[in-house]
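> next input, structure requested:
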Amino acid sequence: MLDVLLLLLTAAAVIFSVLTGNTESLSKAALNGCEKAVKLCLTLAGSMALWGGLMKTADSCGITKKITRIVSRPLSLIFRGLKGTDTLELIALNTAANLLGLGNAATPLGLKAMSELKRTDKASGRYTAFFVLLNTASIQLVPVTVASIRLSHGSSSPWEILLPTVITSSVALSAGLMTVCILYPKGEKNQWK
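Numbers count the residues shown, from 1 in each chain. The predicted structure follows:
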């Protein structure tokens, strides 16, 4: 669906530029867009390598195991059937990375956890829904990415978003937890698939 939408938007831009006689602006915009896309890919690759390396170092030092133990206690209330499994450990690592604002480090952990959940949560989908919710609401105690974006755009106080970020993501998580509990009643098969 998205590919059709992008194709229609691109076709509309080409047709409009030809009809208005402004094809030069279209080609400049296309070249500038390509340049920005390459810069973005390199920036993201660098930051993913940095945060991935930091998480690997933290894992080697045992820091992630300590954080995982702390985070897994409240998570075991939500994911009761996964207590003591590798899946819960992956979910706890992913949640800890999100809490610390390390979204790029959380992504590979989240993908591994989701593949484990896909294998273990076939019957109801309840745990999968909870995990997707945790990643979507993503409470961040240290919103590093947003603060760095604000700083790069000239914000004089990029960290002033800290309290509003925690409040809004906490409210979203609470509302989402209630919704998942309503849509995925405990012990019933998932009627939403």
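
> drop to CA atoms for contacts and neighbour counts, all remaining ones
OK.

> low-confidence ranges in the protein?
Applying pLDDT under 70 to the chain flags the ranges 44, 47-48, 51, 101, 103-104, 121-124, 187-193.

> so residue 186, which of the three states?
Three-state assignment for residue 186 (DSSP: H, G, I helix; E, B strand; the rest coil): coil.

> contact partners for it?
Residues near residue 186 by Cα atoms under 8 Å, 6 or more residues apart in numbering: residue 126.

> could you rerun that using 7 Å?
Taking Cα atoms under 7 Å, 6 or more residues apart in numbering as the contact definition, residue 186 lies against nothing.

> got it, and residue 170?
residue 139.

> and it, how far from residue 128?
Between residue 170 and residue 128 the distance is 19 Å, computed by Cα to Cα, to the nearest Å.

> name the residues of the strand or helix carrying residue 73 that are buried.
Element membership for residue 73 (DSSP states H and E) is helix 63-78. Counting neighbours by 16 or more other Cα atoms under 10 Å, one finds that the buried residues in helix 63-78 are 64, 65, 68, 71, 72, 75, 76, 78.

> tell me the domain ranges of the protein?
Domain assignment for the chain by automatic domain parsing gives 1-61, 62-193.

> contact partners of the helix holding residue 73?
Residues lying outside helix 63-78 but in contact with it, judged by Cα under 7 Å, 6+ apart, are 58, 83, 89, 92, 93, 96.

> returning to that earlier point: winner for burial among the domains of the chain?
Greatest average neighbour count among those goes to domain 62-193 (a mean of 17), per mean count of other Cα atoms under 10 Å.
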